[in-house]
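Chemist: here are the coordinates; sequence isn't available:
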């Protein structure tokens, strides 16, 4: 187990190193005037000179890259000259919003997707199976922005006109400020993400469950007189969750990196909306910081997924 962890962490570090090479080449080597690009379009000559001095842009390229790596390794993702604050401050303000959105939606799409997939697999080719498959394909085909707008129209606009002010149009309230308002502002974004992603988990769970339920050890468990619900949940579902966990790790890592469309539709000041704003303002330090943070989130999520494999499926051995 320890050897496996060391190897996986080593692979993760290698991936992050390659990403830093690409980011450094894209933002620090390719531009003709790096200091001007980082300082922004409205920067004064004094600000540009300050940026050049702070970043050591007069040093050799290899030394600039080592400084870039050293700063990133110590949690220093640069300075946002547009807002005159460190990039970590910008990310720290937006991260709780994105984490709240991602984790809340993850609970909903896992419960909905896995439950639907199990029901479909236990009753294949039944009316319930066909209905849940149609349900999954219907929402899987929806563009995320369209589903978000439809939820806003029917559950905010139409209900508000009818006198039921249950859902706000957008915005965010911190969980430490008021729990009820926090849930109220996030329920529609949660629902939008959950309906979109639950379709994938329904299909994954159904396919994996159908394979597992045909295994010899499942027939043996049934022949011993074990209750069907116990066979399905304890023996079947646990082994069938391996591809679901893989997809979950990838999706959650990407969501923590920023949910651009959903955050924009519901006016949530998370990492996705922050990245869009930074791109529009050509605020390169923030873009670089979010790219590095999102990459680290995906790498860490994949390492955790590999570890969970052995817990869920005893047939998997970590070497």
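Modeler: Alright, I've got the coordinates. As the structure is a prediction and not an experimental result, all values here were calculated from the model.
Chemist: Every contact and neighbour count from this point should use C-alpha atoms.
Modeler: Will do.
Chemist: how about residue 147, what does it touch?
Modeler: With contact taken as C-alpha atoms under 8 Å, 6 or more residues apart in numbering, residue 147 is in contact with residue 192.
Chemist: Give me the pLDDT for it.
Modeler: Per-residue pLDDT puts residue 147 at 86.
Chemist: For it, pull up the helix or strand it's in.
Modeler: If you go by DSSP states H and E, residue 147 is part of helix 144-151.
Chemist: Show residues contacting the helix or strand following that helix.
Modeler: Counting by DSSP H and E, the next helix or strand C-terminal to helix 144-151 is helix 159-161. Contact with helix 159-161 is made by 165, 166, as judged by C-alpha under 8 Å, 6+ apart.
Chemist: low-confidence ranges in the stretch 151-300 of the chain?
Modeler: 257-258 (pLDDT under 70).
Chemist: Do you have the strands of it handy? List them.
Modeler: Shown for the stretch 151-300 of the chain, no strands are assigned by DSSP state E, counting those that start in this stretch.
Chemist: Show me where it has its helices.
Modeler: 159-161, 179-213, 216-223, 228-230, 238-240, 242-256, 260-265, 271-280, 284-312 (DSSP state H, counting those that start in this stretch).
Chemist: could those helices go into CSV alongside mean neighbour count?
Modeler: Converted to CSV, the helices of the stretch 151-300 of the chain look like this (neighbours: other C-alpha atoms under 10 Å):
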stretch, mean neighbour count
helix 159-161, 13
helix 179-213, 21
helix 216-223, 13
helix 228-230, 12
helix 238-240, 21
helix 242-256, 20
helix 260-265, 20
helix 271-280, 20
helix 284-312, 19
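Chemist: Where do the helices of the stretch 1-150 of the chain begin and end?
Modeler: 2-24, 34-39, 45-55, 61-73, 87-122, 127-140, 144-151.
Chemist: For residue 259, find the nearest of those.
Modeler: Of all those, helix 87-122 sits nearest to residue 259, with 7.2 Å by C-alpha to C-alpha.
Chemist: Output the contacting helices and strands for that closest one.
Modeler: helix 127-140, helix 179-213, helix 242-256, helix 271-280, helix 284-312 (3 or more C-alpha pairs under 8 Å, 6 or more residues apart in numbering; DSSP states H and E).
Chemist: Throw those helices into TSV and include distance to residue 18, thanks.
Modeler: TSV is the format used below for the helices and strands packed on helix 87-122 (distance: least, C-alpha to C-alpha, whole Å):
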stretch	distance to residue 18
helix 127-140	33
helix 179-213	29
helix 242-256	18
helix 271-280	21
helix 284-312	11
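Chemist: Quick one, which of these gets closest to residue 13.
Modeler: Comparison of these against residue 13 by C-alpha to C-alpha identifies helix 284-312 as nearest, at 8.5 Å.
Chemist: Centre of the chain to the closest one, how far?
Modeler: With C-alpha atoms, centre = their mean, to the nearest Å as the basis, helix 284-312 stands 9 Å off its chain's centre.
Chemist: ok, the residue nearest the centre of the chain - contacts?
Modeler: In the chain, the C-alpha nearest the mean C-alpha coordinate belongs to residue 255, at 1.6 Å (C-alpha atoms, centre = their mean). Applying C-alpha under 8 Å, 6+ apart, we find residue 255 in contact with 98, 102.
Chemist: where's residue 186 relative to residue 100, distance?
Modeler: Per C-alpha to C-alpha, to the nearest Å, residue 186 is found 8 Å from residue 100.
Chemist: again with residue 78
Modeler: 25 Å.
Chemist: next one: residue 277
Modeler: 20 Å.
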